[in-house]
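just to be clear, the model below is a prediction. Sequence and coordinates:
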Amino acid sequence: MTRRELRGLHLHFDCFAGAAGDMALGALLDVGVPEEVVRRTLAALPVEGYELKVQRAKRCGLEGVDVKVEVHGRGRHGHAHGPAGHRHASHGHRAWREIRAMLEAHLADDVRDRARAIFTAVAEAEAKLHGKPLEAVEFHEVGAIDSIVDTVGVAAALAWLQPRRITARPVPLGHGHVHCAHGKLPVPSPAALEILTRAGASVEDGGADMELCTPTGAAILATQAQAFCPLPPLRPRAVGYGVGDDDPADRPNLLRVVLGEPWPASRPGRGDAGADAAAVVIEANVDDMAPELCEPLLDALFAAGARDAWLQPIVMKKSRPAFTIAALCAPSAREAVARALLTHSTSIGLRMRAVERRVLDRRTVRVATPYGRLPVKLALEGGQVLNAAPEYEPCREAAARAGVPLKEVYAAVITAYRQQR
């Protein structure tokens, strides 16, 4: 596949050996995200004194991408590594407000929203566990340079891929104990377990006397995956492996990601955690919010896991012009989406209701046009095509390259599809 064909597909995190930030970044690079996309994004941050090394390595004979962050003056990470590829005892402290300000000042919108969501999940877990206000949270492991690099790198990779949907398998956590800045803690770590609990994630022990999922890995899965389920029905298009630090004898210490086209789309009662049968609508009415806040609000809702989000004009008490903010999401994403709505709007409350969805099967085909081979998204029922639509982003890029109106590219795509059909 070309790099362009990787974008807009379904992304599944197959975290059979756990998850950590560097493993997630390695897997996304291995699946085809251009390394320069990540490096360009990281270069925009006011973070210095490190070197990002990307190389190939093997675990139990399987090869993947190994991401290393070497901080000048302390070696790779300057502390012990667990089997999942995480850092056990980094003592660099960074305040949550400092990290948040850095992300908001230096990153593009989609990257910023994804990175902020990941860090917010960790910050909220830390605030609850240590009985602190959110603004008083200081990060230890997660605030270190290497974890900032991992988190922002993953956010940049996902922003480039623009997956139509993200899922993750039930997360293995491991058991035993781990040493960190707070001392000797049980595995799964309190922060990782709190993050996954708040997201409604599915977890399992994993059968290993070690930490398999780090707080950063948990936050990536909790904020970016819309459902936790076995691999849904897909036509795989690309597979990538991210390498963890240790090489245990009983399992390949890898995080696998799968990119594919949904086929057939899940139906009620058929896997994917009921993703196409059960859903939640979250909404609130507001009459005191500035219009310029609407776009970042919608962006935040989508970044938190909303399948759809919209604004509807209404009239409230005292005949005040207002609007309803609404989002549709999977039950597993309910808390994250609700939190995003309350955080990014001026509402002081919201309402939620369960709904049922019916969706058509979906498939993407490519057709030859004067502007190149371009994708067409098909919606089917019982094998019959009910709708066919050009994919917007590839057509927009083709129109820009050719210097023609987008509507001409759209027309060429539909004509080519009908001729091919």
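That came in fine, so what should we check first? In this text the structure is predicted, and so the values were computed from the model without any measurement.

any idea which helix or strand in this structure has the lowest mean pLDDT?
strand 138-139 (a mean of 74; mean pLDDT, DSSP states H and E).

that one: what's the following helix or strand?
Moving toward the C-terminus from strand 138-139, the next helix or strand (DSSP states H and E) is helix 145-161.

confirm Lys52 sits in a strand?
One correction, residue 52 is Leu, not Lys. Yes - membership of Leu52 in a strand is supported by DSSP: H, G, I helix; E, B strand; the rest coil.

shouldn't it be in contact with Arg39?
Yes - using Cβ atoms under 8 Å, Leu52 is in contact with Arg39, at 6.8 Å. Backbone N, C-alpha and C define where each C-beta goes, glycine included.

which one of these two is surrounded by more residues?
Leu52 (18 against 13; other Cβ atoms under 10 Å).

quick check: the more buried one vs Gly176, distance?
Using Cβ to Cβ, to the nearest Å, one gets 30 Å for the distance from Leu52 to Gly176.

cool, Ala303 as well?
34 Å.

more crowded one of these two?
Ala303 (28 against 12).

skipping its backbone neighbours, what lies nearest the more buried one in space?
The shortest distance from Ala303 to any non-neighbouring residue, by Cβ to Cβ, 6 or more residues apart in numbering, is to Asp113 (3.9 Å).

confidence score at that neighbour?
Asp113 is assigned 91 on the pLDDT scale.

do I have it right that it meets Leu301?
No - using Cβ under 8 Å, Asp113 makes no contact with Leu301, being 9.6 Å away.

these two: who's more crowded?
Neighbour count, other Cβ under 10 Å: between Asp113 and Leu301, Leu301 has more, with 29 against 25.

which helix or which strand is home to that one?
With DSSP H and E as the test, Leu301 turns up in helix 294-303.

show residues contacting that helix.
Helix 294-303 is contacted from outside by 109-110, 113-114, 117, 223, 309, 311, 325, 327, 337, 340-341, 343-345, using Cβ atoms under 8 Å, 6 or more residues apart in numbering.

buried ones in it?
Across helix 294-303, burial judged by 16 or more other Cβ atoms under 10 Å covers 294, 297-303.

can I get that helix in CSV? Just the C-alpha atoms.
Provided in CSV are the C-alpha atoms of helix 294-303 (Å, rounded to 0.1, in the frame of the first residue of the first chain):
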residue,chain,number,x,y,z
CYS,A,294,-17.4,25.6,19.0
GLU,A,295,-14.8,24.2,16.7
PRO,A,296,-12.3,23.2,19.5
LEU,A,297,-15.2,21.7,21.4
LEU,A,298,-16.2,19.5,18.5
ASP,A,299,-12.6,18.6,17.9
ALA,A,300,-12.3,17.6,21.6
LEU,A,301,-15.4,15.4,21.4
PHE,A,302,-14.1,13.5,18.4
ALA,A,303,-10.7,13.1,20.1
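
could you point out which element follows it?
As assigned by DSSP H and E, the chain's next helix or strand after helix 294-303 is strand 308-316.

and that next one, which strands flank it?
strand 320-329 (antiparallel) (DSSP bridges).

do you know how far the most far-flung residue of the chain relative to its centre is from Gly349?
Distance from the C-alpha centroid of the chain peaks at Lys318, with 41.4 Å (Cα atoms, centre = their mean). Here Lys318 is placed at a distance of 19 Å from Gly349 (Cβ to Cβ).

one more: Val409?
In terms of Cβ to Cβ, Val409 sits 45 Å off from Gly349.

which of those two has more neighbours?
Val409 (25 against 8).

I'd assumed that one was in a strand, is it?
No - using three-state DSSP, the assignment for Val409 is helix, not a strand.

all helices of the stretch 101-250 of the chain, in order?
109-130, 145-161, 190-198, 215-224 (DSSP state H, counting those that start in this stretch).

got the angle for the helix holding Leu301 vs helix 215-224?
110 degrees (axes from the mean of the first three to the mean of the last three Cα atoms, to 10 degrees).

pLDDT on helix 294-303, on average?
Regarding helix 294-303, the rounded mean pLDDT is 89.

before we move on, what about stretch 395-402?
pLDDT averaged over stretch 395-402 gives 92.

now do stretch 357-375
The average pLDDT for stretch 357-375 rounds to 87.

same deal with stretch 67-83?
60.

so what's the residue most central in space within the chain up against?
Computing the C-alpha centroid of the chain and ranking residues by Cα atoms, centre = their mean puts Gln224 first, at 2.8 Å. By Cβ under 8 Å, 6+ apart, Gln224 lies in contact with 114, 117-118, 158, 166, 305.

run a quick neighbour tally on Ala377.
Small correction: residue 377 is Lys, not Ala. Residues lying near Lys377 (other Cβ under 10 Å) number 17.

show me the beta-bridge partners of it.
Listed beta-bridge partners, Lys377: Thr364, Ala389 (assigned using DSSP bridges).

before we move on, what about Gln384?
Those that pair with Gln384 in a beta bridge, by DSSP bridges, are Glu381.

any idea how far Val367 is from it?
19 Å.

neighbour count: those two, which is higher?
Each of Gln384 and Val367 has its neighbours counted (other Cβ under 10 Å); Val367 has more, 21 against 9.

for Val33, state which of the buried residues of helix 294-303 is nearest.
Using Cβ to Cβ, Ala303 is the member of the buried residues of helix 294-303 that lies nearest Val33, at 17.6 Å.

please tell me how far that closest one sits from Arg198.
16 Å.

disregarding flanking residues, what is the spatial nearest neighbour of Ala208?
Among residues not flanking Ala208 along the chain, Gly174 sits closest, at 4.6 Å (Cβ to Cβ, 6+ apart).

for that neighbour, what are phi and psi?
Phi and psi for Gly174, reported as degrees, to the nearest 10, are phi 80, psi -180.

how many neighbouring residues does it have?
Around Gly174 there are 24 other residues, counting by other Cβ under 10 Å.

ok, now which ones touch Glu408?
Contacts here follow Cβ under 8 Å, 6+ apart; on that basis Glu408 touches Ala399.

mind checking how far it is from Ala400?
With distances taken as Cβ to Cβ, Glu408 is found 12 Å from Ala400.

over to Thr2?
When distance is defined by Cβ to Cβ, Thr2 is 17 Å away from Ala400.

please apply the same query to Arg56.
35 Å.
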